[in-house]
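# quick one, structure for this:
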Amino acid sequence: MIQKKFRLNKKDTEWVLRKGAQITTDLFLVRSISNSEPETKPHPQFSIVTSAKLAKKAVDRNKLKRKISEAIRLDMQENLPMKIVIIPKKRALDVEYKEIETDIKKLFSKLT
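Numbers count the residues shown, from 1 in each chain. Sure thing, here's the model as predicted:
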């Protein structure tokens, strides 16, 4: 699980979804916006959004969220002051953790 200081609240998540720039990778659709107050939050903040369209069972959605958050936790660059919302594609349900991890690494390289 991502530490609380690295998580976005619901209001900020909705704001980033509306105003953020879009980046796509093989497994994810990502909306991001640079942090407006980098002196107060000099680290990235994340939110992972999964809907019932992605997978009907909550067990499957939660398992995917855990895999993504673990990959973020291990590969995070703390000097990147951004607000990031990750929306997994349907293909992400069927891949192994290693593919998710490499896609998250690609994502971080695109954001820097």
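# helices or strands up against the longest helix along the chain?
Taking DSSP state H as the criterion, the chain has its longest helix at helix 58-75. Helix 58-75 makes packing contacts with strand 45-48, strand 82-88, helix 97-111 when contacts are defined by 3 or more C-beta pairs under 8 Å, 6 or more residues apart in numbering; DSSP states H and E. The C-beta positions use only the backbone N, C-alpha and C, and glycine is treated the same way.
# give me that answer again for 6 Å
Judged by 3 or more C-beta pairs under 6 Å, 6 or more residues apart in numbering; DSSP states H and E, the packing partners of helix 58-75 are strand 45-48, helix 97-111.
# what's the burial count for I72?
Counted by other C-beta atoms under 10 Å, the residues lying close to I72 total 21.
# show residues contacting the longest helix of the chain.
Contact partners of helix 58-75, identified using C-beta atoms under 6 Å, 6 or more residues apart in numbering, comprise 1-2, 46, 48, 50, 55, 88, 93, 97, 100-101, 104-105.
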